[in-house]
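Engineer: Here's my sequence, what's the structure:
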Amino acid sequence: MSIEFKKVSDFNRGILFELLKDTYSFDCRYQQSSNSDWQVFDNFFFDNLQIADKYGFITTLNDEAIGFVSCDPRNMPEYAEIGHNCIASKHKSNGYGKIQLQEAVNRITQDNVRKIIVTTNNDLIPAQRMYESVGFTIYQKRENQNIADFVGEHIDYVYFC
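Structural biologist: Sure, this is the predicted structure:
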């Protein structure tokens, strides 16, 4: 097995949307509440490939796209925020998410940021474990204020560089 991290520009428009859709396919409410946001995200990255290639990458296994990470650098050097971080359903529970996250942390810390933040949901226990296994700690828990969103509590994690 060969894990590689490739530029977003090596792939076709729609790959990020499809990976997100697949990643959250275990509960149709994610797609119902996030489908349009995922499409906007995919379009933004493919309309701005210089940003996509600098602040994101696609993880491949034997040349198959199995996940990706994106980062929002607008608050650097104070902090960088990991946006999407997903692994396709059939590749979950194999350690690829942790490998991908560690690569993202390694890349982000090269930009001399003070901390990295990421938010997940209280029902995504595997994601919580993965963040903690790489060195993130819980910063705060907060209720979701978006009434259109079915997700309950958000958990904000921080990684100090």
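Engineer: Quickly find the element holding Tyr157.
Structural biologist: Secondary structure from DSSP states H and E places Tyr157 in strand 153-160.
Engineer: And the contacts of the longest helix seen in the chain?
Structural biologist: The longest helix of the chain (DSSP state H) is helix 28-47. With contacts defined as CB atoms under 8 Å, 6 or more residues apart in numbering, helix 28-47 is touched by 8, 13-17, 20-21, 24-25, 51-52, 56, 70, 83-84, 148-151. (Glycine included, C-beta is placed from N, CA and C.)
Engineer: shaky segments in the protein?
Structural biologist: Scanning the chain with the threshold set as pLDDT under 70 gives 1, 144-151.
Engineer: The same query, at a cut-off of 90, please.
Structural biologist: Applying pLDDT under 90 to the chain flags the ranges 1, 27-35, 121-123, 142-154.
Engineer: so after the longest helix of the chain, what's the next helix or strand?
Structural biologist: Immediately after helix 28-47, counting by DSSP H and E, sits helix 49-55.
Engineer: Could you list every helix and strand that that next one packs against?
Structural biologist: helix 28-47, strand 64-72 (3 or more CB pairs under 8 Å, 6 or more residues apart in numbering; DSSP states H and E).
Engineer: ok, and for the longest one, which residues are buried?
Structural biologist: Residues of helix 28-47 classed as buried by neighbour count (16 or more other CB atoms under 10 Å): 30, 33-34, 38, 41-42, 45-46.
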